[in-house]
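**Student:** No sequence on hand, only this structure:
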DNA sequence: CTGTTAGCGCATTCAT
DNA sequence: ATGAATGCGCTAACAG
């Protein structure tokens, strides 16, 4: 910028204003400045600008994992909205680990981001780190795996209903002994989905059996083993409702390993955003969340609040609808 | 920091040094500073520091899409290495669109990142934007979809051999009319994989038929249609080698739509990192790239260069190996 | 071991 | 419509 000013015989201030398209600079000067800036391939130093304006034009995204279609689609939506508004996106993965999540929230304290989109780790039980982070300013919007301890907006799906529908789907398909794989008792999505499961059982006159509920682990291998064990000790199980994609896949593998035919002996339904990939197997019925839209809407709420410098209210929360998805039968 | 200095009756400089664990400050003072900093939940302003040191401790990742297991696994590896080294990761998606890629490289000019990991868009034919970006300093490492125009390191896989093996796999399975779905003639991965295909055909005495090669589009629906058209006009096609996951899925759907049994009538092999999801269907044989490792190694090369302030040499390039992956048969 | 000073690049207030 | 001066929060060179 110094260089621009010198070569054009202008002050740095004028150059700065010209580049910001300020009304108080003559059109010709603006043009001259722009022309030279383009020629020199000038780009302003984002950090100097951030420091001065106390605004980073950057948002952070904290999610458990990226190797999961739900989250990668959500990122897609987030990135899209951010790009359109000129924001940059920092990404952090908690791997569903509480310690990592705490570390991440520490890095984020201190103005690096203007706002944050977050889906909390399944291991997280304690929200002190989030409260601390929240105290340090940035706007926060939770999506999917929310934290009720903070008074802010959250974008979720109709988990209770989806859980109900999923269970009902299995019951109507003839299942009477339905296991439930819970993602985590800590997460509201887990609790909601499970409530739907319980109520559906009840409404159809099936007794709720606590021993058919398995709480998922971070380790996929272990999950598969535990499902196998359940299937061995409880051979009457004829249906599985998995509350997240990873657990659905573990169920699938467990059945395969034990030679239980899907869907003849055991029917599986699971939350999943495998998308086209799910088309590959007719045996897996999925509940698909509108992941892209979730990311997009969460980002919109966040950026809107940042731009207007208004706090985010819980009343801005959104509940989108998931879709029960069955593969059309293979053409004969 | 000002506040810390005041409350402790120290100069700002001393506080700064204490927080950096400088050797020229007394242990007791360090402790006092740290204690108060922790108590006040102080976090340094990263942008002020970046401005001063001309170092952002941030790297950028530019990829075509994130909703793809190859790239999301790569990000996983990248994030892991970055986190360990205290770096932050900015993510940008080009959606395989040339214009977007150009825009992104513009944002990135100007010190926002210390380095860049990049996989170029399939539409990109012209590398001026990359050369301009490169001129503006940041270290760049390409992975998978590389750009040979820049003299820097790249992390790739043995694409020629994989293409050869994939084709050979189909030939050995009895295929004689093998179509190839090319990701893009612009990309070296496309060219390498196709060369493997051609050579394998030749080595097995099968004539190369140019009309059996389809160049992929950005639109998945269109790809499916084009494969369907190919299968209709060329009913003798009994094998498809898809050079990327999306094209493999399109092939799969095209066959389904037309009622061509997989793998009885048409065999499909494709590059894919669907991972566990691919386990779902025995009909799809995949070539799996070590995506996580690619991301990790690329990030290592990049961060190493940044920390040592040394330029990245093409000789640091790495070639990892992909794996032919067939699903074990379903337990009976 | 600690304090003083200067300046990173930019945006802004005040003056002209 | 433009320029001069100030400071964002931090680091580093220099002085003691």
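**Tutor:** Structure received. Computed from a prediction, not measured in an experiment: that's the story for all the values here.
**Student:** do stretch A:58-69 and DNA strand C meet?
**Tutor:** No - on the criterion CB under 7 Å from any atom of the strand, stretch A:58-69 is out of touch with DNA strand C, staying 14.6 Å away. C-beta coordinates here come from the backbone N, C-alpha and C atoms, glycine included.
**Student:** Buried residues, that stretch. List them.
**Tutor:** A:58-69 (16 or more other CB atoms under 10 Å in any protein chain shown).
**Student:** Give me the mean pLDDT for it.
**Tutor:** For stretch A:58-69, mean pLDDT is 93.
**Student:** Kindly report the same for stretch A:314-332.
**Tutor:** Computed over stretch A:314-332, the average pLDDT equals 74.
**Student:** of all the buried residues of stretch A:58-69, which two lie farthest apart?
**Tutor:** Within the buried residues of stretch A:58-69, A:58 and A:69 form the most distant pair, 25.4 Å apart (CB to CB).
**Student:** Secondary structure element holding the closest residue to chain B within the stretch 101-250 of chain A?
**Tutor:** Nearest to chain B in the stretch 101-250 of chain A, going by CB to the nearest CB, is residue A:110, at a distance of 3.0 Å. Counting by DSSP states H and E, no helix or strand carries residue A:110.
**Student:** number of nearby residues for it?
**Tutor:** By other CB atoms under 10 Å in any protein chain shown, the residues close to residue A:110 number 20.
**Student:** Now for it: which residues touch it?
**Tutor:** A:136, B:43-46 (CB atoms under 8 Å, 6 or more residues apart in numbering or on different chains).
**Student:** ok so, going back, if we check chain B, which of the buried residues of stretch A:58-69 are in contact?
**Tutor:** A:58, A:65-69 (CB under 8 Å from any CB of the partner chain).
**Student:** Columns distance to residue A:8 and secondary structure on top of those residues, output as JSON lines?
**Tutor:** Shown next, in JSON lines, are those (distance: CB to CB, whole Å; DSSP: H, G, I helix; E, B strand; the rest coil):
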{"residue": "A:58", "distance to residue A:8": "31", "secondary structure": "strand"}
{"residue": "A:65", "distance to residue A:8": "50", "secondary structure": "coil"}
{"residue": "A:66", "distance to residue A:8": "45", "secondary structure": "coil"}
{"residue": "A:67", "distance to residue A:8": "50", "secondary structure": "coil"}
{"residue": "A:68", "distance to residue A:8": "51", "secondary structure": "coil"}
{"residue": "A:69", "distance to residue A:8": "51", "secondary structure": "helix"}
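**Student:** now stretch A:134-146, how far from the centre of its chain.
**Tutor:** Remark: stretch A:134-146 is offset 13 Å from the chain centroid, using CA atoms, centre = their mean, to the nearest Å.
**Student:** just stretch A:293-313 next, same as before
**Tutor:** On CA atoms, centre = their mean, the centre of stretch A:293-313 falls 15 Å from the chain's centre.
**Student:** repeat for stretch A:48-55
**Tutor:** On CA atoms, centre = their mean, the centre of stretch A:48-55 falls 29 Å from that of its chain.
**Student:** That one near DNA strand C at all?
**Tutor:** Yes - Stretch A:48-55 is in contact with DNA strand C by CB under 7 Å from any atom of the strand, via A:48-49, A:51-53.
**Student:** Which of those fall in strands?
**Tutor:** Within those, no residue falls in strands by DSSP state E.
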